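> Provided below for reference: sequence and predicted model.
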Amino acid sequence: MAGVPLDYKLTVVFHNCSALRALHILVVPERECGLRNFFKNMAPLETLQITGPFDIDLNDLKNLLQCILPTLKNLRISGDVDFDMEVAPLTFPRLECLVIQYTRFTTPVLKAFLERHAESLLETNILLSNHAAWIACLSFVTRIMRGFPILDDTGDESHPEDVEWGDIMVHEFAYAVQDVQSSQNRMDRVVTELGLAFSDVTWVDVDSGETLPPETLSQILPFIDHFPHLQVLLLSSERGTGGFFSEFMIHIGRHLSHLRQLKRLALAWDVAQKHWARDYYRKLPRQIYCAEGLESDQDSDDDTPPPVDIPPYCWLRDGSLDDYRWRVWEAQNYRIAECIFRTFFNDCPSVDVVEWYPFQPWYADSQTCWIWRAVDSRQLPGKEPSRFVVGDLSWKGKAVRPKTFHVAVGREAAYNTRRGSPF
């Protein structure tokens, strides 16, 4: 139902739905939302999603949540909500999945809420609002996930081993945990899925204002060493860097090689300024993509390694040129990309799939995803088993719609897959 006011008549209808366990409410600015009265006679909900525009204050949220907190397992709130006042004071004894997007909160309150629900909470997805982005340093995030104490409000230097991550900021993070048996009489809770989106301040030198070199990645990857049970890893950065894409992937592969349970890696990393490889020299015409069509300059005679050179988006209503440019780009670069990802899969034999998003996720008109898979070949008698690598590039306008990158794990990731792109 859409555009329906939450009045007494609708309350009666839902009161008779005794089997109702999941509800999604989209708050519309033009409607008066009687949330408090609506939930008084509600069935024992297990899943609640409340979505409101960023300019709407979802007040009285605390009062309505009190009506369903004993049974609630999945809570998803997206909008201008004061988390500290409306949500954090409550305790949800069965809460398993928490998703908060664009809400306002402070670090100590969020920390206390997550600690209070640590026994039941299995999946956490946090997208910070612009007001809160400055507080989420990587050292704070790691101690939240690992259950370490935080001695100050920011978490910059609460743990000696985390000092190096105090100045690395994230604006999205997500993690899922599972209980595994570490010994005959002991169960440990470990992180199995992890997603991090690094803010642009990660990549800017404070003194010079210049983008930091690719080696900055070395600061982040040791962070992953704390999660040896990872099965899914999602990484995104707002800033692109120069250098060589082959070395970029080798660096990642070597750091992830010890993760024997890792199955899926997703990278939303702008590599348009990178070259493919040091030893890759391709003497092909440089292509210029414009609204009039595909043109070619004269052949290049130098031995400069060609850049990844993502073709720019072309504003054509029929999409014909947009489709053509991507087919040409894929044909020209498939071979070198295949070599790069084959090396990665050799370093990380447990990984089955890598999703590479060359554009930033919020560039809705440039949705592109190149999925690479390592596939086991049929084992022949007397032959060693082997794997071959295949890539599938999809872009906006192609018959198969490209996947959209989300920093989301567990049920939230499945929800985003079902609904498609948020744009």
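Sure thing, it's come through. Residues are numbered from 1 along each chain as shown.

> moving C-terminal of the helix or strand of the chain with the lowest mean pLDDT, what's the next helix or strand?
Least confident helix or strand of the chain, by mean pLDDT, DSSP states H and E, is strand 293-296 with a mean of 32. Going down the chain from strand 293-296, the next helix or strand is helix 320-347, by DSSP states H and E.

> That following helix: which residues count as buried?
Buried residues in helix 320-347, counted by 16 or more other CB atoms under 10 Å: 321-326, 329-330, 332-333, 336-337, 340-341, 344-345, 347. Every C-beta, even on glycine, is put in place using the N, C-alpha and C of the backbone.

> could you say what helices and strands it packs with?
With contacts taken as 3 or more CB pairs under 8 Å, 6 or more residues apart in numbering; DSSP states H and E, helix 320-347 sits against helix 245-256, strand 287-290, strand 293-296, strand 353-357, strand 368-376, strand 387-395.

> State the mean pLDDT of that helix.
Mean pLDDT, computed over helix 320-347, is 85.

> likewise stretch 72-87?
When pLDDT is averaged over stretch 72-87, the result is 88.

> How about stretch 20-27?
Averaged across stretch 20-27, the pLDDT comes to 72.

> Surely Arg76 and Leu48 touch.
Yes: the pair Arg76 and Leu48 passes the contact test of CB atoms under 8 Å, sitting 7.2 Å apart.

> Please enumerate the helices of the stretch 101-250 of the chain.
Per DSSP state H, counting those that start in this stretch, the stretch 101-250 of the chain carries helices over the ranges 107-116, 138-146, 217-224, 245-256.

> And stretch 258-267, end to end?
End-to-end span of stretch 258-267 (CA to CA, to the nearest Å): 19 Å.

> for that stretch, which positions count as buried?
For stretch 258-267, the neighbour count (16+ other CB under 10 Å) marks Leu259, Leu262, Leu265, Ala266, Leu267 as buried.

> May I ask you to confirm that the third one belongs to a strand?
Spelled out, it's Leu265. Yes: residue state for Leu265 (DSSP: H, G, I helix; E, B strand; the rest coil) corresponds to a strand.

> Could you measure from it over to Ala277?
Using CB to CB, to the nearest Å, Leu265 is found at 20 Å from Ala277.

> just the fourth one next, same as before
Between Ala266 and Ala277 the distance is 22 Å, computed by CB to CB.

> rewinding a little: can you redo the helices of the stretch 101-250 of the chain as JSON lines with distance to Thr71, mean neighbour count and mean pLDDT?
Converted to JSON lines, those look like this (distance: least, CB to CB, whole Å; neighbours: other CB atoms under 10 Å; pLDDT from 0 to 100):
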{"stretch": "helix 107-116", "distance to Thr71": "18", "mean neighbour count": "18", "mean pLDDT": "86"}
{"stretch": "helix 138-146", "distance to Thr71": "26", "mean neighbour count": "21", "mean pLDDT": "80"}
{"stretch": "helix 217-224", "distance to Thr71": "36", "mean neighbour count": "16", "mean pLDDT": "79"}
{"stretch": "helix 245-256", "distance to Thr71": "40", "mean neighbour count": "19", "mean pLDDT": "90"}
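
> Report the separation between the residue lying closest to Leu98 once chain neighbours are set aside and Ile100.
Closest residue to Leu98 apart from its sequence neighbours, by CB to CB, 6 or more residues apart in numbering: Thr124 at 5.2 Å. Distance, Thr124 to Ile100, by CB to CB: 9 Å.

> Okay, and the beta partners of Arg387?
Under the criterion DSSP bridges, Arg387 forms beta bridges with Asp376.

> Check Leu26 too.
Thr51.

> I'd assumed Arg76 was in contact with Leu95.
No: at 11.4 Å, Leu95 does not count as touching Arg76 under the criterion of CB under 8 Å.

> Just the terminal-to-terminal distance for stretch 377-393.
Taking CA to CA as the measure, stretch 377-393 stretches 21 Å from start to finish.

> residues near Arg387, how many?
14 (other CB atoms under 10 Å).

> I figured it hits Val375, correct?
Yes: with contacts counted by CB under 8 Å, Arg387 reaches Val375, the gap being 6.3 Å.

> how about Tyr175, what does it touch?
Residues counted as contacts of Tyr175 (CB atoms under 8 Å, 6 or more residues apart in numbering) are Glu123, Thr124, Met145, Val191, Glu193, Leu194, Gly195, Val409.

> So what's the residue count around the closest residue to the first one other than its chain neighbours?
So the one you mean is Glu123. Using CB to CB, 6+ apart and skipping residues adjacent in sequence, the residue nearest Glu123 is Gly410, 3.7 Å away. Using other CB under 10 Å, Gly410 has 22 neighbouring residues.

> got it, and the one 3 residues further on?
Residue crowding around Ala413 was assessed by other CB under 10 Å; the count is 21.

> What residues of the strand or helix carrying it count as buried?
Per DSSP H and E, Ala413 falls inside helix 410-419. Within helix 410-419, the residues scored as buried using 16+ other CB under 10 Å are Gly410, Arg411, Glu412, Ala413, Tyr415, Asn416.

> between the residues you listed, which is nearest Pro70?
Arg411 (20.1 Å; CB to CB).

> The closest one: what's it in contact with?
Neighbour list for Arg411: Asn74, Cys97, Glu123 [criterion: CB under 8 Å, 6+ apart].

> Wait, the last one touches Ala414, no?
I take that to be Glu123. No: Glu123 lies out of contact with Ala414 (CB under 8 Å); the separation is 10.5 Å.

> Ala414 versus Val400, what's the distance?
19 Å.

> What of Asp270?
Applying CB to CB, the value for Asp270 to Ala414 is 27 Å.

> Neighbours of the closest residue to Arg116 other than its chain neighbours, how many?
Distances taken as CB to CB, 6+ apart place Thr91 nearest to Arg116, at 6.2 Å, with adjacent residues excluded. Per other CB under 10 Å, the neighbour tally for Thr91 reads 11.

> Where does Thr91 sit: helix, strand or coil?
Following three-state DSSP, we place Thr91 in the coil state.

> Near the nearest residue to Gly79 once chain neighbours are set aside, how many other residues are there?
Leaving aside its chain neighbours, Gly79 sits nearest to Gly52 (3.3 Å; criterion: CB to CB, 6+ apart). Residues lying near Gly52 (other CB under 10 Å) number 21.

> Adjust the sequence numbering to begin at 38 for everything that follows.
New numbering, starting at 38: the last item is Gly89.

> quick one: Gly89 from Asp429, how far?
In terms of CB to CB, Gly89 sits 37 Å off from Asp429.
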